[in-house]
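In: Okay, here's the prediction I keep looking at, along with the sequence it came from:
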Amino acid sequence: MNLIPNVDYILVKPIKKPGTTESGIIIQPENKQQEGEIFSIGGTDKTEYQIKDTVIFREWSSFPYKIDGEEYLLVNKKEIIAFMKH
């Protein structure tokens, strides 16, 4: 993959959480947040997070993009709420 995000963005592979129980009951998320694994970081500035770290960001703050049939999200660095080191 050769997609390099613009300076203020990161490319994230979303981590899907189960949306239903085994019996088929739909689970509504309480928080409008999403998680994903960083695949690429735009710009050359130093950031605390790195590729393969997991980030938490607001659900509506991302731009969906498909690469080879896989879903990715472009997220503005300012929209990252927290991250977990790999």
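Out: Nice, I can see it.
In: Only C-alpha atoms from now on, for both contacts and neighbour counts.
Out: Will do.
In: May I have the worst-scoring helix or strand of the chain on mean pLDDT as CSV, with CA atoms only?
Out: Lowest mean confidence among the helices and strands of the chain (mean pLDDT, DSSP states H and E): strand 33-41, at a mean of 85. Output in CSV follows, covering the C-alpha atoms of strand 33-41 (Å, rounded to 0.1, in the frame of the first residue of the first chain):
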residue,chain,number,x,y,z
GLN,A,33,-16.3,6.7,19.4
GLN,A,34,-14.4,4.3,17.2
GLU,A,35,-11.1,2.4,17.5
GLY,A,36,-8.6,1.6,14.8
GLU,A,37,-5.0,0.5,14.2
ILE,A,38,-2.7,3.1,12.6
PHE,A,39,-1.4,2.0,9.2
SER,A,40,0.2,5.3,8.0
ILE,A,41,0.9,8.7,9.5
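In: Following element in sequence after that strand, please.
Out: Downstream of strand 33-41, the next assigned helix or strand under DSSP states H and E is strand 54-58.
In: Strand partners (parallel or antiparallel) of that next one?
Out: Note on strand 54-58: by DSSP bridges, its sheet partners are strand 33-41 (antiparallel), strand 80-84 (antiparallel).
In: Give me the buried stretch members for the last one, please.
Out: What that stands for is strand 80-84. Buried residues in strand 80-84, counted by 16 or more other C-alpha atoms under 10 Å: 80, 83.
In: Can you name the residues that contact residue 78?
Out: For residue 78, the contacting residues are residue 8, by C-alpha atoms under 8 Å, 6 or more residues apart in numbering.
In: if we can go back for a sec, take the strands paired with strand 54-58 and lay them out in JSON lines including distance to residue 25.
Out: Converted to JSON lines, these look like this (distance: least, C-alpha to C-alpha, whole Å):
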{"stretch": "strand 33-41", "distance to residue 25": "21"}
{"stretch": "strand 80-84", "distance to residue 25": "29"}
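In: Quick one: closest of these to residue 6.
Out: Among the strands paired with strand 54-58, the nearest to residue 6 by C-alpha to C-alpha is strand 33-41 (8.3 Å).
In: which parts of the closest one are buried?
Out: Of the residues in strand 33-41, 34, 35, 36, 37, 38, 39, 40, 41 count as buried by neighbour count, 16+ other C-alpha under 10 Å.
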